[in-house]
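**Student:** sharing a model prediction with you, sequence too.
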Amino acid sequence: MNFDVVKNYELNGIELYFESKPRREVLDYLKQNGFRWHNMKKCWYAKERETTLKVVENLKNGVSLDTPAETKTMNIHGVKVGDIFWMCWGYGQTNNNFFQVVELRGTQMVKIREISKETVEDDSCDPFACYVKPVKDSFVTRSQFCSKDGMFGENEGVYKKVKKSGDLVYLNMTSYAIARLVKDLNRNYYESWGY
């Protein structure tokens, strides 16, 4: 597969110009890793970042793009199958949702499914609050956040792009919340509900 890499200094980007149309798995790999098609220039482009430069390096070195997901052990942000993400949200109450990574795709994408939570015994006197923690491998049947059918559809899982800012590894889940990578599985999470 022959292609040229051009740096776009004005837009801090890189552009890939292929001699012929790439195979389907190459196109999927580019899309999953943040590249977009520029119809006028006839090239694939992305912002120049460590992750996109790694994609170009993999393409140049002929790295297999169709490696089965279960043989990939970790993505570029250190996320592994089985890792858990935590999302906290709510107005007038504190809701917690937990998601488990079930598949890695490309260098940044993961497939997540929602998992259940259990109440943890505590000495709190508040009748409208408790502490919870995630239950690994205990997938819920229906999910508000991991359904392709809309709200509270089948918990089939959804693909999300893993992002990193400093030490924070996260997923954009909704317009009002992100899910953070859980680093301490023994941590308890405060949860409350309306009066």
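**Tutor:** Cool, got the structure.
**Student:** list the helices and strands the single longest helix found in the chain packs on?
**Tutor:** When the chain is parsed with DSSP state H, its longest helix is helix 50-60. Using 3 or more CB pairs under 8 Å, 6 or more residues apart in numbering; DSSP states H and E, the elements in contact with helix 50-60 are strand 13-18, helix 24-32. C-beta coordinates here come from the backbone N, C-alpha and C atoms, glycine included.
**Student:** next up, the contacts around residue 16.
**Tutor:** Contacts for residue 16 were tallied using CB atoms under 8 Å, 6 or more residues apart in numbering; they are 3, 4, 5, 30, 35, 43, 44, 45, 56, 59.
**Student:** buried residues, the helix or strand where the third one lies. List them.
**Tutor:** What it means is residue 5. Under the criterion of DSSP states H and E, residue 5 resides in strand 3-8. The neighbour-count check on strand 3-8 (16 or more other CB atoms under 10 Å) flags residue 3 as buried.
**Student:** parallel or antiparallel, list what pairs with it.
**Tutor:** Using DSSP bridges, strand 3-8 pairs in its sheet with strand 13-18 (antiparallel).
**Student:** now the partner strand and helix 24-32, what's the angle there?
**Tutor:** Strand 13-18 and helix 24-32 are oriented at 170 degrees to each other (axes from the mean of the first three to the mean of the last three CA atoms, to 10 degrees).
**Student:** mind listing what's buried in strand 13-18?
**Tutor:** Quick answer for strand 13-18 (16+ other CB under 10 Å): 13, 14, 15, 16, 18.
**Student:** stretch 46-66 now?
**Tutor:** Buried positions in stretch 46-66, judged by neighbour count with 16+ other CB under 10 Å: 46, 48, 51, 52, 55, 56, 58, 59, 65.
**Student:** looking at the helices and strands packed on helix 50-60, which is nearest to residue 161?
**Tutor:** helix 24-32 (8.3 Å; CB to CB).
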